[in-house]
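Enquirer: structure, please.
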Amino acid sequence: MTAARLLRSAALAAVPALLAAHAAPVVSTFGPLRNRAMPRLAGRGRPGHIALTFDDGPDPLSTPFFLRLLAERGIRATFFLLGREAHRSPALVREIATAGHEIGVHGWLHRPLALRGPRATYDDLARARDTVAEITGVRPTLFRPPYGVMSSAAHLSARRLGLTPVLWTCWGEDWTVRATPHSVHRTVTSGLDGGGTILLHDSDCTSAPGAWRSALGALPRILDTCEQRGYDVGRLRDHGWPRPA
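Expert: Okay, here's the model as predicted:
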């Protein structure tokens, strides 16, 4: 066998291992495992605090309703914005920031990063980060991957860009056509404990049409439940997070 053929065979044999290494971080998508074994990635914070986070915005048709409700309740949250949507609605991004909410990035497009290569992953995150920074004047430092699916390339790209990945400990499953305010509240609070991070969606750009109304309808009851259980609610930066690795 020639040297070229040996090299080609070795390269082909290495492909499965490389793919496995790229996709290995996908295990963090499994919530119970992540919450127990990866508290920092899950956004676990100080015991008396709950971090409230929203994904997939900004959306001029829905996000203002969330901002109004949060203002009425005196609550500040963390919004993970899609770069493309931020580019489309810069005034709304500035409104979120001016209200004192924290802004992280959710990528440029809502595409699974496990299916993207290193260069495409880096470019996607960098474009989203730089777009938000240009609009707000503040470079974001938090990152949440679409679908909560990480990859080796996503971890490396985030590190190079100064972005810290954070997922969640409980969510509302508010993106489905079957979701209701009652179901969202029940799902969130069944997994809610001190130091947890809640995921809701302030936009339906990747969800069932109108799904954001279920999250909005559930939000007052979720905040009431947090208060009844003695938890403060706020941004990830108020959460004693990110903690040292």
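Enquirer: which residue sits closest to residue 173, ignoring its sequence neighbours?
Expert: residue 187 (5.1 Å; C-beta to C-beta, 6 or more residues apart in numbering). Every residue, glycine included, has its C-beta placed from N, CA and C.
Enquirer: quick one, phi/psi of the one you found?
Expert: Torsion angles at residue 187 (phi, psi; degrees, to the nearest 10) stand at phi -70, psi -40.
Enquirer: could you name the specific helix or strand carrying the nearest residue to residue 179 once chain neighbours are set aside?
Expert: Nearest in space to residue 179, with sequence neighbours left out and distances taken as C-beta to C-beta, 6+ apart, is residue 214 at 4.0 Å. Assigned by DSSP states H and E, residue 214 belongs to helix 212-228.
Enquirer: who does whichever helix or strand comes after that helix touch, helix- and strand-wise?
Expert: Once helix 212-228 ends, the next helix or strand along the chain (criterion: DSSP H and E) is strand 232-234. With contacts taken as 3 or more C-beta pairs under 8 Å, 6 or more residues apart in numbering; DSSP states H and E, strand 232-234 sits against strand 49-55, helix 212-228.
Enquirer: any residues touching strand 232-234, and which ones?
Expert: The set of residues external to strand 232-234 that reach it, using C-beta atoms under 8 Å, 6 or more residues apart in numbering, is 48, 49, 50, 51, 52, 75, 76, 77, 223, 226, 227, 238.
Enquirer: distance to residue 69, neighbour count and pLDDT added to these, as CSV?
Expert: As requested, the contacts of strand 232-234 are exported to CSV (distance: C-beta to C-beta, whole Å; neighbours: other C-beta atoms under 10 Å; pLDDT from 0 to 100):
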residue, distance to residue 69, neighbour count, pLDDT
48, 23, 12, 95
49, 20, 21, 97
50, 16, 27, 97
51, 17, 28, 97
52, 11, 25, 98
75, 8, 18, 98
76, 12, 17, 98
77, 10, 25, 98
223, 9, 19, 98
226, 14, 22, 97
227, 15, 12, 96
238, 18, 19, 95
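Enquirer: out of these, flag the one nearest to residue 63.
Expert: In terms of C-beta to C-beta, no member of the contacts of strand 232-234 lies closer to residue 63 than residue 77, at 11.2 Å.
Enquirer: these two touch, right, the closest one and residue 54?
Expert: Yes: with contact defined as C-beta atoms under 8 Å, residue 77 reaches residue 54; the gap is 6.1 Å.
Enquirer: tell me the pLDDT at residue 233?
Expert: pLDDT recorded at residue 233 is 98.
Enquirer: whoops, residue 34 was the one
Expert: So residue 34 comes in at 52 (pLDDT).
Enquirer: start the count at 4, not 1, going forward
Expert: Yes, from this point I'll number from 4; that puts the last item at residue 37.
Enquirer: packing partners for the helix holding residue 217?
Expert: Using 3+ C-beta pairs under 8 Å, 6+ apart, helix 215-231 sits against helix 66-76, helix 184-193, strand 200-204, strand 235-237.
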